[in-house]
Structures are given as structure tokens and as C-alpha cells.
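A.B. asks: With the sequence up front, the predicted model follows.
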Amino acid sequence: MMEQRLYDYSPIVERGPLRWPGEARVAFYVGLNIEHYRLDRPSTSTFPGTAELVPDPLNYGWRDYGPRVGIWRVIESLDRYGIRASALLNSDVGERYPQIIDAGRAREWAWLAHGRNNSTFHTGLTPDEEFRTLTEIVDTIERATGQRPRGWMGPALTETLNTPEILAGLGLEYVLDWTNDDQPYRLNVPGMLSVPYSVELNDIGLFVSKGMTGPEFVQIVKDQLDRLYADATPESGRVMALALHPFVIGQPFRSRYLDEALDYVVSHPGVWLTTSDEIAAHYARTTERG
């Protein structure tokens, strides 16, 4: 039986202090997935019935709405509320959608490595193959954005057993794949953290998988923030990640609901509007090593 050895069990009620800047109780960031999908592989689909076809115009076109249209609508919303994205970037994006990279650089987004593309899961690699693959991904993103990624999230949150250690050797500092906490924590890999991300507060899960409506989405965001704020204290901060995909949240009929949700967040007391990079750096700098 394989045991999980990447991190230790740590009940949140037994931890040392975690203080956010300005005595905030909740650190909030938007994980903006900026992805490229291959034409010849099934991927996230709105209609599974055609997902195995090549080409699959129905599902490919649905996903391709994101970089063509949806992301520009999302950028308008983020700008309106003064939120810098934590951009989860496939390395294939830089060559194919350079205008998106330019927009993010102008806004000083944080750039995280998100695999090569979102049709290729990060799995089944030998250590040597993975080292070469991750080196290529990280170097490609650095060339495209001018910033070496500090964080990683695998396509569909995939890793191998060696991923965190290889990433640490490449200079990265944290991963988002292990969505099991409301606070960052140290992995059993020197120099590596886990930072909270969410497969629950995630537009694909809410709108596509569960069929939620726009008003339900807004209420879920409010409930998430209110509860995290209530759980937190000035010495026991929490993290709230809002995971967005432009081909989902960027649809015209959902735009107003993203605005309503973000308006609630930025108007809420005790919220630090930040990026996953800044959360990881603050945690590493201010908490004791355990």
C-alpha cells in the first residue's frame, strides 16, 4: 500500500500564528486559468458525445472562446476591482496568444507554470523525462512573460511523485495541486510549500459540472468568504482562492455575476487582495518552520 509522504497531517486548530498584512483575516486571490487545448485530444467538454471526434468543433470551439473573447471580458472585471490575476499559464500559450501575455505583463500578474497544455496531463514520466519536460515548460514561460514562475499547478492538478522535488530544483517555491487546506503549509521537500487552491470554488465545477446559476455562484462566493472570515482571527489567517476559466466565466450572461462576486469581496472588511506568489512569500517569510 502506497503511503502519502509529501506532507504531514496538521490539524488547523493546532498551528502557530499566521498573520496577513494589515491585520487582514483572509488573503484572496484569483487563479485565472490561461490555457491551450489540442485539437486532436479530448479535453474538458460541455458535450461528451462528440469529445472523441477529431476535429470536435462543438467542444473545441467552446473552449477556444476563452482566449478569443472570454478572457478580455474577465480582464475588464479584474481591472474594475483592482485585482491582479495569478495566471495559471500553459507554456503553449506564449506562442499562440501573445496578446494575452502582453495584457498580463502590463498588469503585473503573477505567472504560474500550468503544464504544457491542458490536453496533456502531467503524469507517466520518468524522473529524467520529467526534469526535461518541467525545464522546458518553466523556461518557455520565463521567456514569454519575462518572469520565472514561482508556483506550479498541473493540468487537471496532475503531478508525479517527483514533481515537487524537481520544481524545487528549478527554483519554484510552491504548488497549488493539493487542495486540502485553508492555509499554506510546508511540504516535506525543502523549500516547497502548498498554497490553497479550490476545485469547489471553481467555475468549471460550479457551472459545468453542477449546473449552478449566476446568482447561486454569487451566493457561494459570499458564503465562502463569510465563513473563512469567521473562522479566522488576526493571528490565524485563511486563504480564499477563486478559480476561473475564461471560456466559462467569460460567457456574456455570466459577466454580471463575476462583477457582483468581486464587488462583495473587495468591499468586505479584513480581506487582503493579493496573488498566490505574495501569499507564498509572506508565509515563508513570517512563519516558523515545522
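C.D. replies: That came in fine, so what should we check first?
A.B. asks: Now do the phi/psi pair for residue 221.
C.D. replies: Here is the backbone geometry of residue 221 (degrees, to the nearest 10): phi -60, psi -40.
A.B. asks: Which residue is the nearest non-sequential neighbour of it?
C.D. replies: Nearest non-adjacent residue to residue 221, counting by C-beta to C-beta, 6 or more residues apart in numbering: residue 261, 4.0 Å away. Quick note: C-beta positions are derived from backbone N, CA and C, even for glycine.
A.B. asks: Under the pLDDT cut-off, which ranges of the chain? List them.
C.D. replies: The chain contains residues with pLDDT under 70 at 290.
A.B. asks: what residue lies at the spatial centre of it?
C.D. replies: residue 31 (3.6 Å; C-alpha atoms, centre = their mean).
A.B. asks: After the helix or strand hosting the residue nearest to residue 221, which helix or strand is next?
C.D. replies: Here residue 261, judged by DSSP states H and E, is contained in helix 255-267. Remark: after helix 255-267, the chain's next helix or strand is strand 271-273, criterion DSSP H and E.
A.B. asks: now that following strand, how far from the chain's geometric center?
C.D. replies: Its chain's C-alpha centre and that of strand 271-273 lie 17 Å apart, by C-alpha atoms, centre = their mean, to the nearest Å.
A.B. asks: which residues touch the next helix or strand after it?
C.D. replies: The C-terminal neighbour of strand 271-273 among helices and strands, as given by DSSP H and E, is helix 276-286. Surrounding helix 276-286, the residues in contact under the criterion C-beta atoms under 8 Å, 6 or more residues apart in numbering are 18-21, 27, 29, 31, 86, 110, 112, 150-151, 173-174, 176, 183-184, 193, 195, 197, 239, 241.
A.B. asks: Kindly recompute the last result at 7 Å.
C.D. replies: 19, 21, 27, 29, 31, 86, 110, 112, 150-151, 173-174, 176, 184, 193, 195, 239 (C-beta atoms under 7 Å, 6 or more residues apart in numbering).
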